[in-house]
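Novice: please work out how this folds:
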Amino acid sequence: MDSDIARLDAIFPALRSALLRSVFQVVRDPAVAEELTQDAYLRARKAMETAAPRHIEAFLWQTARNLALDYMRWRKVRAGNEPLHEATEAGAEIADRQPSAEDYVIQKDNLRVVREALQKLPPRAQRVWVLSRVEGWPYPRIATHLGVSPNTVFNDIKMVMALLHELRRKMDAE
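Specialist: Numbers count the residues shown, from 1 in each chain. Just a heads-up that it's a prediction; the model follows:
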């Protein structure tokens, strides 16, 4: 069982950001998403002490999803029990979370600029970036998948990060 806990401890950091994004898509609150993601890890670790699930990654994903859905159910029940005047007053103090039309256009333009910059990179660097930052894969897994060394993966990520850093600097200067 200690080996299963060690596997979980190795897997979680690599999956953490993807889990966090997934939970955030359900709860739409960064602090709650962070808490639920950490709680998913703690529950998975506790489960490992008694009986290890066959697929640790799948168990971790399912635990995070269930926690997010449970939170939303709890919030819905709580909202139903809240007096109408309190809900109206509280709602008046909260700003609309939707971006303005202007912010939307600016972000869409920024995304276009980043996409164009990333498309100028070598195909392997693009693939490494997607696997690492979008899919949440750890460098050794990417290296094995692409048939390259982990150092190559690191250097590709470093190249993309330098490009994005320079792009951000230019965009901030404008």
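Novice: got a list of what Met171 touches?
Specialist: Asn110, Val113 (CB atoms under 8 Å, 6 or more residues apart in numbering). In this view, the C-beta of every residue, glycine as well, is placed from N, C-alpha and C.
Novice: tell me which element it is part of?
Specialist: With elements taken from DSSP states H and E, the one containing Met171 is helix 150-173.
Novice: show me what counts as buried in that helix.
Specialist: Thr152, Val153, Asp156, Ile157, Val160, Leu163, Leu167 (16 or more other CB atoms under 10 Å).
Novice: and those as TSV, adding pLDDT and distance to Arg112?
Specialist: What follows is the buried residues of helix 150-173, written out as TSV (pLDDT from 0 to 100; distance: CB to CB, whole Å):
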residue	pLDDT	distance to Arg112
Thr152	95	29
Val153	93	27
Asp156	94	23
Ile157	92	22
Val160	90	17
Leu163	90	15
Leu167	86	12
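Novice: as JSON lines, those residues with distance to Arg115 would be great.
Specialist: As requested, these are exported to JSON lines (distance: CB to CB, whole Å):
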{"residue": "Thr152", "distance to Arg115": "24"}
{"residue": "Val153", "distance to Arg115": "22"}
{"residue": "Asp156", "distance to Arg115": "18"}
{"residue": "Ile157", "distance to Arg115": "18"}
{"residue": "Val160", "distance to Arg115": "13"}
{"residue": "Leu163", "distance to Arg115": "12"}
{"residue": "Leu167", "distance to Arg115": "11"}
